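> pasting the structure only:
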């Protein structure tokens, strides 16, 4: 039975309520509906691009206004159904403990489980099918970080939260550990109202950033961001950031770990987002020992695979350079000294030099102590 008003057309207010109910049944923690007015966000985007803050992500500029004008991307779009799905796989204290153990590999918590693109897109498809079953065929297209879409701006317009000073979306009752997905639609659903920004005077995310990538409140310079450097950048990671990267081999969660609103974050109920292959606390030496076949096997179905094997070794080499000195660490790096990739050789060479420097400092410290005795 279709939901209709007295005129025989769909009752869009009731349909919107049902869409939100169906979304929760499908595993979304919240569904909101946004209009297509992103003018303020477009102005912010253009300033960001003009400043070159997107680095080598040329596609950000190439897509032009299709990112900020939904109707240009999908003609006829009137509303966007925006959903969020929690992904935090473990208590923040455990993530923090791994980050503080320089001998272990820290991987951004969103990437520990199954590739979120597949999981969220599948649920959006099911949600769209339910809507179609209610109103018949309608114009729609689902996206999960897979097209020129201002997903955080749309989620903010849909009332799912506010964009924080670190540029992530924050929900007052759920923090920021969640994925976003959208359905562009031609249905004239009633839009939700944006919520108030509650960052206040807090600057914890700005202060904690290892590379000072948050150059001002609500302004992120991707060229300095560890997530960009370890995931998006395909070439050499600038030396000025290598020490600050620490043991972060895929992404960075520091700004989320320190955000006070994440005390309200809930652990995910999705088994697909639970850690696989022990990557939530793997030793750096272990993951550096993988050959390409092992890398592909251990990252099958994971978002991690997108960076490729060479960038994986590049990232882990930096982390090993930052790790406490040990024979195992030096031996692991030496084993890749003559790797076929110049990119890997460069970063291994840097890591070995850093380990030698650390050994020299240790020796000098021992000598000074002996003289003092």
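Received it, and whenever you're ready, just let me know what you need. Computed from a predicted structure; not experimentally measured.
> so residue 227 sits right up against residue 249, yeah?
No: using Cβ atoms under 8 Å, residue 227 is not in contact with residue 249; the gap is 11.5 Å. No exception for glycine: its C-beta is placed from N, CA and C like everyone else's.
> which one of these two has more residues nearby?
residue 249 (30 against 19; other Cβ atoms under 10 Å).
> Skipping adjacent residues, who's closest to that one in space?
Closest residue in space to residue 249, ignoring its immediate chain neighbours: residue 315 at 4.3 Å, by Cβ to Cβ, 6 or more residues apart in numbering.
> What helix or strand is the one you found located in?
Assigned by DSSP states H and E, residue 315 belongs to helix 308-322.
> Next, the residues that contact that helix from outside, please.
Contact partners of helix 308-322, identified using Cβ atoms under 8 Å, 6 or more residues apart in numbering, comprise 102, 105, 230, 234, 237, 242-243, 245-250, 284-285, 287-288, 290, 292, 295-296, 304, 307, 329, 332-333, 336, 339, 341, 343-344, 347-348, 350-355.
> measure the closest residue to residue 316 other than its chain neighbours to residue 312 for me?
Closest residue to residue 316 apart from its sequence neighbours, by Cβ to Cβ, 6+ apart: residue 288 at 4.5 Å. Relative to residue 312, residue 288 is positioned 9 Å away (Cβ to Cβ, to the nearest Å).
> if I read this right, residue 84 contacts residue 156, doesn't it?
No: Residue 84 is beyond contact range of residue 156, at 11.3 Å (criterion: Cβ under 8 Å).
> Give the residue from the two that has the larger number of neighbours.
Just comparing residue 84 and residue 156: by other Cβ under 10 Å the higher neighbour count belongs to residue 84, 26 against 23.
> what mean pLDDT does stretch 224-234 have?
On average, the pLDDT along stretch 224-234 is 98.
> start to end distance for it?
14 Å (Cα to Cα, to the nearest Å).
> for stretch 59-66, same thing?
Distance between the two ends of stretch 59-66: 11 Å, counting by Cα to Cα.
> Could you do stretch 321-332 as well?
The straight-line separation of the ends of stretch 321-332 (Cα to Cα) is 11 Å.
> Can you give me the buried ones in that stretch?
By neighbour count on 16 or more other Cβ atoms under 10 Å, the buried set for stretch 321-332 is 321, 322, 323, 329, 330, 332.
> Among those residues, find me the one that's closest to residue 35.
residue 322 (46.3 Å; Cβ to Cβ).
> per-residue confidence averaged over the helix holding residue 315?
According to the model, helix 308-322 has a mean pLDDT of 98.
> Which positions in that helix come out as buried?
So, applying 16+ other Cβ under 10 Å, buried residues of helix 308-322: 309-322.
> what's near enough to touch the residue nearest the centre of the chain?
Nearest residue to the geometric centre of the chain (Cα atoms, centre = their mean): residue 110, 6.4 Å. Counting by Cβ under 8 Å, 6+ apart, residue 110 touches 87, 116, 177, 179, 251, 273, 303.
> If the fourth one is in a bridge, with which residues?
Read that as residue 179. residue 85 (DSSP bridges).
> so it sits right up against residue 109, yeah?
No: counting by Cβ under 8 Å, residue 179 does not reach residue 109; the two are 11.4 Å apart.
> Residue 294 - how many residues pack around it?
12.
> Quick check: the gap between it and residue 85.
30 Å.
> what's the answer for residue 229, then?
Distance check for residue 229 against residue 85: by Cβ to Cβ, it reads 27 Å.
> and what of residue 112?
Distance from residue 112 to residue 85, by Cβ to Cβ: 15 Å.
> what's the answer for residue 245, then?
With Cβ to Cβ as the criterion, residue 245 and residue 85 are 28 Å apart.
> repeat for residue 233
The span separating residue 233 from residue 85 equals 27 Å under the rule Cβ to Cβ.
> And the strands in the protein, which stretches?
All strands of the chain, identified by DSSP state E, fall at 30-34, 79-86, 106-107, 140-143, 162-163, 169-170, 178-185, 214-216, 219-220, 248-250.
> helices or strands next to the second one in the packing?
The one in question is strand 79-86. If contacts are counted by 3 or more Cβ pairs under 8 Å, 6 or more residues apart in numbering; DSSP states H and E, strand 79-86 sits against helix 12-25, strand 30-34, helix 116-135, helix 151-157, strand 178-185.
> Report the distance from it to the chain centre.
16 Å (Cα atoms, centre = their mean, to the nearest Å).
> quick one, it and helix 12-25 angle?
In terms of direction (axes from the mean of the first three to the mean of the last three Cα atoms, to 10 degrees), strand 79-86 departs from helix 12-25 by 20 degrees.
> how many degrees apart are strand 79-86 and strand 30-34 in direction?
Using the same axes, to 10 degrees: strand 79-86 against strand 30-34 is 160 degrees.
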